[in-house]
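Colleague: no sequence on this one, just coordinates:
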């Protein structure tokens, strides 16, 4: 069963095949009208369930469009529709859904929900995001870096801010794609201890970004955080804002990424986000292509 649950749970050859497949599909689309179907229709006759316990813009649109471009159909279900684990068990839901659809993408809170879904489903399951990781985003980020700067192996990537779920997938990717990863952020927001050994820590952001090929950040606050937590995080992270002064300490041709949505002029300034280093909208587009390749990998088509 070709689940796609986390980058470190997928072998290196498969990850490279996904990236290469995503680039090939993107290239093949260049001369087509926006929204036109792919020449190949590998998902023709297939039904893909898109389950969202957590709200989404990019994940929902990119998966939905990707399935349709490849000739498949989608069934979009919200947390209110499913109520996972609050009535029927997750295991039973997985068994039932497997009788109806060919592939399940789930964006949820707890990693345990994803893992239980995958354990009991008889169709492939894709991790669209959990509180612990976001592998589809990082596959798009790797693709984006490589289309601008070539192989990421051996490059220096610096993460500035909160050691959150997106950082966790970057840490998994650092080992699988063999690049150097540095975390710079306040100690209370350090990454999960399970990630130790996959990255370096430098508390001073100015020192951290020296020689960086890529600087990455993410939103400081979640949509679900209470106001008190938002204020505390702003106080903790203000010194880790990615601004022009910080980017000048990286390599002259360094790239800047943010997975979006962004709170402009908090975690990164608009000057950086709209500036020459930024590839944030290429990064957002590549969610579509990377996820199409992930789905093809899962279904073996």
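Modeller: Cool, got the structure. Every value quoted in this text rests on a predicted model; they were computed, and no experiment measured them.
Colleague: mind checking how far the closest residue to residue 184 other than its chain neighbours is from residue 172?
Modeller: For residue 184, ignoring the flanking residues on the chain, the nearest one in space by Cβ to Cβ, 6 or more residues apart in numbering is residue 208 at 3.7 Å. Quick note: C-beta positions are derived from backbone N, CA and C, even for glycine. Here the criterion is Cβ to Cβ, to the nearest Å. By it, residue 208 lies 20 Å from residue 172.
Colleague: Of those two, give the one with the bigger neighbour count.
Modeller: Neighbours per residue (other Cβ atoms under 10 Å) separate residue 208 from residue 172, with residue 208 holding more: 25 against 22.
Colleague: Assign residue 215 to helix, strand or coil.
Modeller: Three-state call for residue 215 (DSSP: H, G, I helix; E, B strand; the rest coil): strand.
Colleague: my guess is it meets residue 248, correct?
Modeller: No: counting by Cβ atoms under 8 Å, residue 215 sits too far from residue 248 to count as a contact (11.0 Å).
Colleague: Which one's more surrounded, those two?
Modeller: More crowded of residue 215 and residue 248, by other Cβ under 10 Å: residue 215, with 29 against 12.
Colleague: So what's the residue count around residue 7?
Modeller: The number of residues near residue 7, taken as other Cβ under 10 Å, comes to 26.
Colleague: Okay, now the unreliable bits of the stretch 201-301 of the chain?
Modeller: The model of the stretch 201-301 of the chain has pLDDT under 70 over residues 223-224.
Colleague: ok, now how distant is the residue nearest to residue 184 from residue 174?
Modeller: 15 Å.
Colleague: all strands for the stretch 201-301 of the chain, in order.
Modeller: 214-217, 255-258 (DSSP state E, counting those that start in this stretch).
Colleague: Need the winner for burial among those.
Modeller: Highest mean neighbour count among the strands of the stretch 201-301 of the chain (mean count of other Cβ atoms under 10 Å): strand 214-217, with a mean of 28.
Colleague: tell me which strands and helices that one is in contact with?
Modeller: Judged by 3 or more Cβ pairs under 8 Å, 6 or more residues apart in numbering; DSSP states H and E, strand 214-217 is in contact with strand 156-160, strand 255-258.
Colleague: Spit out the contact partners of residue 220.
Modeller: Neighbour list for residue 220: 161-162, 230, 233-234, 237, 263, 266-267 [criterion: Cβ atoms under 8 Å, 6 or more residues apart in numbering].
Colleague: and the two most separated of the residues you listed?
Modeller: Distances among the contacts of residue 220 were taken as Cβ to Cβ; the most separated pair is 161 and 230, at 14.1 Å.
Colleague: Who has more neighbours out of these two?
Modeller: Set residue 161 next to residue 230 and count neighbours by other Cβ under 10 Å: residue 161 wins out with 28 against 15.
Colleague: Go ahead and confirm residue 277 touches residue 255.
Modeller: Yes: in this structure residue 277 lies within contact range of residue 255 using Cβ under 8 Å: 5.9 Å.
Colleague: shared neighbours of the two, anything?
Modeller: By Cβ under 8 Å, 6+ apart, the residues touching both residue 277 and residue 255 are residue 215.
Colleague: how close does residue 234 get to residue 62?
Modeller: Taking Cβ to Cβ as the measure, residue 234 falls 29 Å from residue 62.
Colleague: With neighbour numbers in mind, choose between the two.
Modeller: Using other Cβ under 10 Å as the criterion, residue 234 and residue 62 rank with residue 62 on top: 23 against 14.
Colleague: Let's verify that one: helix, strand, or coil?
Modeller: Going by three-state DSSP: residue 62 is helix.
Colleague: now the helices and strands packed on strand 214-217 in a markdown table, with distance to residue 187?
Modeller: Formatted as a markdown table, these follow (distance: least, Cβ to Cβ, whole Å):
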| stretch | distance to residue 187 |
| --- | --- |
| strand 156-160 | 14 |
| strand 255-258 | 23 |
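Colleague: what about these, which gets the closest to residue 222?
Modeller: The nearest among the helices and strands packed on strand 214-217, by Cβ to Cβ, is strand 255-258 at 15.0 Å.
Colleague: Now do that closest one: everything it contacts.
Modeller: Contacts for strand 255-258 (Cβ under 8 Å, 6+ apart): 141, 144-145, 148-149, 213-218, 242, 247, 267-268, 272-273, 275, 277-280, 283.
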